[in-house]
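[1] Please find the sequence and the predicted model below.
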Amino acid sequence: MSLAGLELTGVLLLLCIAIVVQRFFAFRLDKERVRASIEALAGEVLSWEPFERWLGARVRTYRIRYRDREGNARSAYCMTGFFAGVSFTEDTIERSGSEGQTPPRAG
């Protein structure tokens with residue numbers, strides 16, 4: 001293998017490592033940003049999962065379940081990114097807090 005071939009292999013390897021590291025930190029930062037947003041409204045995040053592929057996307061979408069200040073279990077799509085803030089769509093009540101039952105916490 002030539003020197004140019006080794007250099008290209010090294011660059012590709014570094015690019016793959018950078019993508020994995022970026023995704024790891026983006027996921028952790030997004031999760032913290034959403035948690036802080038829900039807790040600022042006196043709520044609590046119950047579950048969290050990526051909704052779609054977001055490799056390289058500036059705004060990423062997650063499906064979340066949370067409990068609001070009235071005790072309602074809610075489900076929503078949450079969009080966030082490094083410079084995008086946090087926004088919720090299709091935010092619906094799954095179970096009313098007045099029903100006396102609370103959904104199980106995600107573990």
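    Received it, and whenever you're ready, just let me know what you need. Numbers count the residues shown, from 1 in each chain.

[2] need the helices for this structure, in chain order.
    Secondary structure of the chain (DSSP state H): helices at 3-40.

[3] which secondary structure elements does the longest strand anywhere in the chain contact?
    Assignment by DSSP state E gives strand 85-95 as the longest strand of the chain. Packing partners of strand 85-95 (3 or more Cβ pairs under 8 Å, 6 or more residues apart in numbering; DSSP states H and E): helix 3-40, strand 73-81. C-betas here are computed from N, CA, C, even on glycine.

[4] Comparing these, which stretch has the densest surroundings?
    Among the helices and strands packed on strand 85-95, ranked by average contacts under mean count of other Cβ atoms under 10 Å, first place goes to strand 73-81 (a mean of 19).

[5] Relative to the whole chain's centre, how far out is it?
    9 Å (Cα atoms, centre = their mean, to the nearest Å).

[6] what does stretch 34-47 give?
    That offset, for stretch 34-47, works out to 12 Å (Cα atoms, centre = their mean).

[7] Start and end of it, how far apart?
    Distance across stretch 34-47, first residue to last, is 11 Å (Cα to Cα, to the nearest Å).

[8] export the helices and strands packed on strand 85-95 to JSON lines and tack on distance to residue 49 and mean pLDDT?
    Compiled in JSON lines, the helices and strands packed on strand 85-95 are given as follows (distance: least, Cβ to Cβ, whole Å; pLDDT from 0 to 100):
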{"stretch": "helix 3-40", "distance to residue 49": "11", "mean pLDDT": "86"}
{"stretch": "strand 73-81", "distance to residue 49": "10", "mean pLDDT": "91"}
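
[9] which ones are touching residue 85?
    Residue 85 sits next to no residue when contact means Cβ atoms under 8 Å, 6 or more residues apart in numbering.

[10] Quick one: closest of the helices and strands packed on strand 85-95 to residue 63.
    Residue 63 sits nearest to strand 73-81 of all the helices and strands packed on strand 85-95, at 5.9 Å, using Cβ to Cβ.

[11] who's in contact with the closest one?
    With Cβ under 8 Å, 6+ apart, strand 73-81 has contacts from 30, 33-34, 46, 51, 57-68, 86-95, 97, 102-103.

[12] Mind checking which of those residues are buried?
    Among these, the ones that count as buried by 16 or more other Cβ atoms under 10 Å are 30, 33-34, 46, 60-62, 64-68, 86, 88, 95, 97, 103.

[13] Good, wrapping up.
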